[in-house]
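Chemist: no FASTA, just this:
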DNA sequence: ACTTCCGATCCTTGA
DNA sequence: TCAAGGATCGGAAGT
């Protein structure tokens, strides 16, 4: 039994991607005539897959921009997946035009670009992306690197969540414990050499910020 | 006279990108110590550039996740530019981990991803992206006040100094602010699902540890 | 990112 | 009711 369900545009059967998906048995592919995009990984995630030569062609005839604009307007996450090497296509397109198009996608539309080598790799990407779209990572990832074990260093590490390492050291030396640094008022923070009103206020703002579930 | 002004992190001079930018005379590069990201193309458009091998390295040591979180918390448009073929790096990383990382950026974080082959191409991209960012976006975006920092992310970052990411999330949800988490007693910490005596005591021990100047 | 491994936490049982 | 057992989750380390 496949773990995830996705919808593919009927025309994508010619791409070789769906065969690879079927073989892996990770996602179950349903077909439909999608008005925009080629793969629907979740209600809010859409993928437009383009073979390199088609990607280039769609820049020429301006199809790409309309498609992406529509996709952007409809979905929270729009992904353009380019299969093959666009710079290797034998066409008269100037590299600048190519970059212009890619940059437009990235900066103006905020679309992300995934490059793959072939349909098998495309399928592999569709699988992970479907999983991420439907159930997230399945675990939490830490934003911070591995922690030190020595208490003194660990204490400093904890305070570094508020400011830079240099300031953290000074704060800790002044207040004597992590607890006291996090409980200090703006005025008390200002007493520390190197901490001004601005830094102090930023620290307090972060420390007192109300987090709602 | 250069058409556009951008700001680059001082450490980027080693990348070869800035030399290429200087040669082309299209953008004028100003240098600063950027707290996050490598290039500021407009007040709200930030680019984090990573050479393929560094991209992989930053997955291993978890730098990537904090960087992306902070970039997203601060800028309207966050772009991760990967230079070189990540799949070709000779490291022990599994291809699915690599795909997972790229998919995570695109699907979960909603960060825009651009891939280039070398520093010259990166420079070319920076140029056209700068143009798009400064002209194409129109003043309604570039004039808008800077995005309010996402304190929720930063708060989580701070609490992760004490424990893992999952517990950090629960602690914050339970206590409502960083301050309260750091002030909670052992018993109060134990009220949180997933936190037992052992974890609670470890947290308290760290938080109250006396640091001698 | 993913995987594996281990210890902590929680939950169920059954005396 | 409470301890012992097992299932589950979270963190740390390695690729």
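Modeler: Nice, thanks for sending it over. Owing to the predicted nature of the structure, the values given are computational and were not obtained by experimental measurement. Residues are numbered from 1 along each chain as shown, chains lettered A, B, ... in the order given.

Chemist: alpha carbons only for contacts and neighbour counts from here, please
Modeler: Will do.

Chemist: quick one, what contacts the residue of chain A found nearest DNA strand C?
Modeler: Per Cα to the nearest atom of the strand, residue A:141 is where chain A lies closest to DNA strand C, at 4.5 Å. Counting by Cα atoms under 8 Å, 6 or more residues apart in numbering or on different chains, residue A:141 touches B:65, B:165.

Chemist: Please, which helix or strand holds it?
Modeler: Taking DSSP states H and E as the definition, one finds residue A:141 inside no helix or strand.

Chemist: Relative to chain B, how far out is residue A:113?
Modeler: Here residue A:113 is placed at a distance of 6 Å from chain B (Cα to the nearest Cα, to the nearest Å).

Chemist: any idea how far residue B:62 is from the residue in chain A that DNA strand D sits nearest to?
Modeler: Among the residues of chain A, residue A:146 lies nearest to DNA strand D; the distance is 5.5 Å by Cα to the nearest atom of the strand. Distance, residue A:146 to residue B:62, by Cα to Cα, to the nearest Å: 8 Å.

Chemist: Residue A:39 now?
Modeler: Taking Cα to Cα, one finds residue A:39 at 31 Å from residue B:62.

Chemist: Looking at those two, which is more packed in?
Modeler: Taking neighbours as other Cα atoms under 10 Å in any protein chain shown, residue A:39 and residue B:62 compare with residue A:39 leading, 25 against 17.

Chemist: so what's residue A:134 scoring on pLDDT?
Modeler: On the pLDDT scale, residue A:134 is placed at 97.

Chemist: What does residue A:48 show for phi and psi?
Modeler: Residue A:48 adopts backbone torsions of phi -100, psi 120, taken as degrees, to the nearest 10.

Chemist: Briefly note if the longest helix along chain A comes near chain B.
Modeler: Of all the elements of type helix in chain A, the one with the most residues (DSSP state H) is helix A:119-135. Yes - judged by Cα under 8 Å from any Cα of the partner chain, helix A:119-135 comes into contact with chain B at A:125, A:128-129, A:132-133.

Chemist: Outline the domain layout of chain A.
Modeler: A:4-135, A:151-208 (automatic domain parsing).

Chemist: I'd like those domains written out as TSV, with distance to residue B:103 added.
Modeler: Shown next, in TSV, are those (distance: least, Cα to Cα, whole Å):
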stretch	distance to residue B:103
domain A:4-135	6
domain A:151-208	27
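
Chemist: Same list, the ones you listed, but as TSV with distance to DNA strand C please.
Modeler: Converted to TSV, these look like this (distance: least, Cα to the nearest atom of the strand, whole Å):
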stretch	distance to DNA strand C
domain A:4-135	6
domain A:151-208	17
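
Chemist: what about the ones you listed, which gets the closest to residue B:173?
Modeler: Nearest of the domains of chain A to residue B:173, taken as Cα to Cα: domain A:151-208 at 13.4 Å.

Chemist: From one end of that closest one to the other, what's the distance?
Modeler: By Cα to Cα, one end of domain A:151-208 lies 25 Å from the other end.

Chemist: and that domain, how far out from the chain's middle?
Modeler: 31 Å (Cα atoms, centre = their mean, to the nearest Å).

Chemist: near chain B at all, that domain?
Modeler: Yes - Domain A:151-208 is in contact with chain B by Cα under 8 Å from any Cα, via A:151-152, A:154-155, A:157-162, A:172-174, A:176-179, A:182-183, A:206-208.

Chemist: re the thing from before, now do whatever helix or strand comes next after the longest helix of chain A, average pLDDT.
Modeler: Reading on from helix A:119-135 to the C-terminus, the next helix or strand found by DSSP H and E is helix A:151-159. Averaging pLDDT along helix A:151-159 yields 97.

Chemist: buried ones in helix A:151-159?
Modeler: A:152, A:154-159 (16 or more other Cα atoms under 10 Å in any protein chain shown).

Chemist: Next, format those residues as a markdown table and append distance to residue B:95.
Modeler: Shown next, in a markdown table, are the buried residues of helix A:151-159 (distance: Cα to Cα, whole Å):
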| residue | distance to residue B:95 |
| --- | --- |
| A:152 | 38 |
| A:154 | 34 |
| A:155 | 37 |
| A:156 | 36 |
| A:157 | 32 |
| A:158 | 33 |
| A:159 | 36 |
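
Chemist: I'd like those residues as TSV, with distance to DNA strand D appended.
Modeler: Below are the buried residues of helix A:151-159 laid out as TSV (distance: Cα to the nearest atom of the strand, whole Å):
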residue	distance to DNA strand D
A:152	15
A:154	11
A:155	13
A:156	15
A:157	13
A:158	12
A:159	16
